[in-house]
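Colleague: What shape does this take:
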Amino acid sequence: MEQHVTFRRVAGMLVGIVIISLGVALFKFAHLGNDPFNALTIRSAELAGLTLGVQNLIYNAVFFTMQMIWGRRYVGFGTVANAVCCGFIITFFYDFLTAHFAQAATLPAQLAWVAAAVVCTSLGISLHQTSDLGVAPYDYLALGLRDHTPLPYFCCRLFTDTLCALLAFLLGGLLGLGTLICAFCLGPLIQFFNTHVSENVLQYVPTGRQA
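Modeller: Sure thing, here's the model as predicted:
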């Protein structure tokens, strides 16, 4: 992680967290299945007899350990801010959506919410990662794979999201059309926003980023 911190990078990190949270809230509001990581976390918690919060903490602890060993440069204020703030902001947006919008009654309407969710989540993750001020432990997995393999980022993200969805399915977790859309679309969209939006807006390209 570069030591020279600019206002644009800090703002990008904070705005990214807000947009990620909005995306998760939109995804939850669509009721077409959980995103891959949360689908795996929810099913693992059910099988282990743990609360979702505890199971999420366990997974993040494992991923954070990997992050500290192989990707310490991705640990920073943004890592903590993501972990602390996202839950509260997601709750705020979800409560707002349920209070002001009717539940989608048809599949096309649900898919529209999912599309908005995937775009928001991808843009938020792109801004947050491009700020290079620390990323969430799960998001590091794709970055770590990119750094240690010849594969581009979108392939690595596609792999981690698809693996989570597959494991959730094998464990008997609840998946939906939205889960599959999320698994296959996040990686390519994040890479698109990296190149065409985030790097231009923040005027910064993280060290080691590959096209």
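
Colleague: rest of the way, CA atoms for contacts and neighbours
Modeller: Noted.

Colleague: what is the mean pLDDT for stretch 142-153?
Modeller: Average pLDDT, stretch 142-153: 94.

Colleague: change the start of the numbering to 8 and stick with it
Modeller: Sure, I'll start counting at 8 from here, so that last one is stretch 149-160.

Colleague: Helices along the chain, start to end?
Modeller: Here the chain has its helices, by DSSP state H, at 14-37, 43-55, 59-77, 84-107, 114-137, 144-155, 160-177, 184-200, 206-209.

Colleague: Any chance of JSON lines for these, columns mean neighbour count?
Modeller: Putting these into JSON lines (neighbours: other Cα atoms under 10 Å) gives the following:
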{"stretch": "helix 14-37", "mean neighbour count": "23"}
{"stretch": "helix 43-55", "mean neighbour count": "19"}
{"stretch": "helix 59-77", "mean neighbour count": "16"}
{"stretch": "helix 84-107", "mean neighbour count": "16"}
{"stretch": "helix 114-137", "mean neighbour count": "23"}
{"stretch": "helix 144-155", "mean neighbour count": "19"}
{"stretch": "helix 160-177", "mean neighbour count": "20"}
{"stretch": "helix 184-200", "mean neighbour count": "21"}
{"stretch": "helix 206-209", "mean neighbour count": "16"}
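
Colleague: Return the residues in contact with residue 123.
Modeller: Listed by Cα atoms under 8 Å, 6 or more residues apart in numbering, the contact partners of residue 123 are 30, 33.

Colleague: Give me the local confidence score for it.
Modeller: Reported pLDDT for residue 123: 96.

Colleague: Over to residue 205?
Modeller: 96.

Colleague: What of residue 216?
Modeller: 62.

Colleague: same question, residue 120
Modeller: Predicted confidence (pLDDT) for residue 120: 95.

Colleague: and it, what is it in contact with?
Modeller: 33, 34, 36, 37.

Colleague: quick one: the last one from residue 127, how far?
Modeller: When you say that, I think you mean residue 37. Computed as Cα to Cα, to the nearest Å, the residue 37 to residue 127 distance reads 14 Å.

Colleague: any low-confidence regions in the protein?
Modeller: Residues of the chain meeting the criterion pLDDT under 70: 8-10, 215-218.

Colleague: now with 50?
Modeller: Residues of the chain meeting the criterion pLDDT under 50: 8, 217-218.

Colleague: Could I get the contacting residues of the closest residue to residue 62 other than its chain neighbours?
Modeller: Nearest residue to residue 62, sequence neighbours excluded (Cα to Cα, 6 or more residues apart in numbering): residue 52, at 5.5 Å. Counting by Cα under 8 Å, 6+ apart, residue 52 touches 58, 59, 61, 62.

Colleague: The second one and residue 45 touch, don't they?
Modeller: The reference is to residue 59. No - with contact defined as Cα atoms under 8 Å, residue 59 does not count as touching residue 45 (9.1 Å).
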